[in-house]
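Participant: Turn this into a model:
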Amino acid sequence: MADPKTAADAPGVRRRGPGRPPGRRGDASQTRTGILEAARTEFAARGYAGASVRAIARGAGVDPALVHHYFGSKDRVFIAAMDLPLDPETLVGTVFAHGVEEAGGRLAESFVALWEHPDTGTRLLAILRTVVLEGGSNPAFREFVGAELTARLAERIGGPDAALRANLCVSQILGVALTRYVVCLEPIASTPGAELVRRLGPILQRHLNG
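Facilitator: Numbering: from 1, shown residues only. From the prediction side, this is the model:
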């Protein structure tokens with residue numbers, strides 16, 4: 001099992017911080033909360049692809065520039081609104097920092113570390129359970145994974161079948177997560193994290209290599 005003391009430093013972990021822009025503390029907090037509430041409503045109603053920063057701002061009763069001021073972009077709004085403990089852009093950038101040849105192992109290490117850490121793992125488990133229970137009724141998370149994680153992986157590996165290979169990587173990771181943390185199917189549920197990384201890394205690498 002990954003060491004909780006070091007798992008928080010894994011690539012792609014979204015660290016919680018104050019993130020509060022200059023201004024009066026109460027007003028800033030209320031504005032940010034209002035934007036996040038409007039974002040959750042918008043993503044639930046329209047999915048990730050159909051939602052827009054302008055519509056989120058309209059729902060919160062603020063100018064779109066204020067949404068950008070607090071969060072920067074739609075994917076950052078989604079990450080904050082859904083309380084996702086990972087940032088796909090940072091994760092993919094770090095995984096491929098030393099080229100595609102080592103990316104499979106680093107991708108396996110990153111996801112196992114995220115799942116094994118008591119904070120990020122708990123949040124990911126709640127999200128995965130919600131997605132499984134809702135099925136296809138709420139496409140927001142599925143669209144986010146496709147647009148922000150799978151697409152970034154595909155862009156890095158390249159080739160005519162890059163989208164398929166990237167999707168196979170993500171499917172492999174989600175399948176392991178579902179089996180290990182939701183269904184708790186043995187022996188994979190009790191396999192040490194290091195052993196899981198050792199076995200999962202080469203499988204992901206084969207997909208990345210094509």
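Participant: Identify the bridge partners of the spatially most central residue of the chain.
Facilitator: The residue lying closest to the centre of the chain (C-alpha atoms, centre = their mean) is Leu86, at 4.5 Å. Beta-bridge partners recorded for Leu86 (DSSP bridges): Val13.
Participant: Going by residue numbers, what spans are helices in this protein?
Facilitator: Here the chain has its helices, by DSSP state H, at 4-7, 25-50, 53-60, 64-71, 74-81, 88-95, 103-116, 118-134, 140-144, 151-157, 162-177, 193-209.
Participant: Out of those helices, which is the most enclosed?
Facilitator: Mean neighbours per residue, mean count of other C-beta atoms under 10 Å, is largest over the helices of the chain for helix 103-116, with a mean of 24. C-beta: built from backbone N, CA, C; applies to glycine.
Participant: What is it packed up against?
Facilitator: Helix 103-116 is packed against helix 4-7, helix 88-95, helix 118-134, helix 162-177, helix 193-209, with contacts defined by 3 or more C-beta pairs under 8 Å, 6 or more residues apart in numbering; DSSP states H and E.
Participant: Dump that helix to PDB, keeping only the CA atoms.
Facilitator: Presented in PDB, the C-alpha positions along helix 103-116 are these (Å, rounded to 0.1, in the frame of the first residue of the first chain):
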ATOM      1  CA  ALA A 103       4.900   6.800 -18.800                       C
ATOM      2  CA  GLY A 104       3.100   3.500 -18.100                       C
ATOM      3  CA  GLY A 105       4.900   2.900 -14.900                       C
ATOM      4  CA  ARG A 106       4.500   6.600 -13.800                       C
ATOM      5  CA  LEU A 107       0.800   6.600 -14.700                       C
ATOM      6  CA  ALA A 108       0.300   3.400 -12.600                       C
ATOM      7  CA  GLU A 109       2.300   4.900  -9.700                       C
ATOM      8  CA  SER A 110       0.300   8.100  -9.800                       C
ATOM      9  CA  PHE A 111      -3.100   6.500  -9.700                       C
ATOM     10  CA  VAL A 112      -2.300   4.000  -7.100                       C
ATOM     11  CA  ALA A 113      -0.900   6.700  -4.900                       C
ATOM     12  CA  LEU A 114      -4.000   8.800  -5.400                       C
ATOM     13  CA  TRP A 115      -6.300   5.900  -4.500                       C
ATOM     14  CA  GLU A 116      -4.300   4.700  -1.600                       C
END
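Participant: residues in contact with stretch 174-182?
Facilitator: Residues outside stretch 174-182 that contact it (C-beta atoms under 8 Å, 6 or more residues apart in numbering) are 111, 115, 121, 124-125, 128-129, 132, 185, 188-189, 191, 196, 200.
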